[in-house]
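Undergrad: Sequence isn't available, so here's the structure alone:
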């Protein structure tokens, strides 16, 4: 019967392989650190050989790393070290199965939404006034940015769900959930101008000949065309929604309000907007911190 290789010997064999194949000292140190930490964890479980490690053991280890406060990127690196270690052992016949083969790493961190500056938004709205259909385009911009509507919510908006007197929209959001969204004076003026053109059909943004409403694709093209006119790059309807949420928080709106305003089911979805612009943070620090400026 083949002797079971002690874990320390397996790690030493792998590190020797890394030393011989990688010129980077940083890579070697990372592998060594990650595998020594893993060996210490296995020792606490009473596991002394690599072939005693199962996929469930590795999943428990990843959960422990989260509990110890490691970031997702660091955990992903440690998992990469373990993948290399077990793949090496299997290749040289020390293991029959690689326990990392079906193991999934931590999901990548969500990318922060891009927010336009208030000045860039103003340029977009000014561009809307210079196009072939200024009343329509101005209303599109005022509702996407001013009310943070999703593009599908904008397309489905009916006049019967627009309360011009009280300035409320009744919006059908994700999962067919209705929510009431307030709108301000700028959006009110744009909607009044759009409705005054007549004849008024059931849809706020009617399609050609009044048949149906403008499609999501058409509304998207309107936004990107205005962005091109204004010279603002990377603009989509959803970027306008992100920008609205960010600007509300920067100006002091509560997170709970922004959650309800956007129609987020979970507050955690809204919390991503708390990452605000560096310039805004620096401005507020300089204005409010007692040690930010030199006194005479």
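TA: Cool, got the structure. Since the structure is predicted, the reported quantities are computational estimates derived from the model, not experimental observations.

Undergrad: the strands in the stretch 101-250 of the chain, which residues?
TA: Assigned by DSSP state E, counting those that start in this stretch, the stretch 101-250 of the chain shows strands spanning 162-163, 168-172, 178-182.

Undergrad: Make CSV from these and add distance to residue 31 to it.
TA: All C-beta atoms are positioned from the backbone trio N, CA, C, and that covers glycine. As requested, the strands of the stretch 101-250 of the chain are arranged in CSV below (distance: least, C-beta to C-beta, whole Å):
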stretch, distance to residue 31
strand 162-163, 62
strand 168-172, 53
strand 178-182, 51
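
Undergrad: Residue 16 is nearest to which of these?
TA: Residue 16 lies closest to strand 178-182 among these, at 61.7 Å (C-beta to C-beta).

Undergrad: Can you check the pLDDT for residue 110?
TA: We have a pLDDT of 55 for residue 110.

Undergrad: Surely residue 223 is in contact with residue 241?
TA: No. Using C-beta atoms under 8 Å, residue 223 is not in contact with residue 241; the gap is 11.1 Å.

Undergrad: Give the residues shared as contacts by those two.
TA: Applying C-beta atoms under 8 Å, 6 or more residues apart in numbering, one finds that residue 223 and residue 241 are jointly contacted by residue 144.

Undergrad: Looking only at neighbour counts, state which of those two leads.
TA: More neighbours surround residue 223 than the other of residue 223 and residue 241, with 24 against 21 (other C-beta atoms under 10 Å).

Undergrad: what's the spacing between the more buried one and residue 74?
TA: To residue 74, residue 223 is 39 Å away according to C-beta to C-beta, to the nearest Å.

Undergrad: Burial check on residue 195, number of neighbours?
TA: Neighbours around residue 195, by other C-beta under 10 Å: 15.

Undergrad: Can you tell me the number of residues neighbouring the residue nearest to residue 195 when sequence neighbours are not counted?
TA: Nearest residue to residue 195, sequence neighbours excluded (C-beta to C-beta, 6 or more residues apart in numbering): residue 159, at 7.2 Å. With neighbours defined by other C-beta under 10 Å, the count for residue 159 comes to 15.

Undergrad: Hmm, residue 159 is touching residue 198, no?
TA: No. If you go by C-beta under 8 Å, residue 159 and residue 198 don't touch, sitting 11.5 Å apart.

Undergrad: Would you mind measuring from the residue lying closest to residue 204 once chain neighbours are set aside to residue 170?
TA: Excluding the flanking residues, the one nearest residue 204 by C-beta to C-beta, 6+ apart is residue 157, at 4.5 Å. Per C-beta to C-beta, residue 157 is found 9 Å from residue 170.

Undergrad: Counting neighbours, go ahead and name the busier of those two.
TA: Using other C-beta under 10 Å, the more surrounded residue of residue 157 and residue 170 is residue 157, with 23 against 14.
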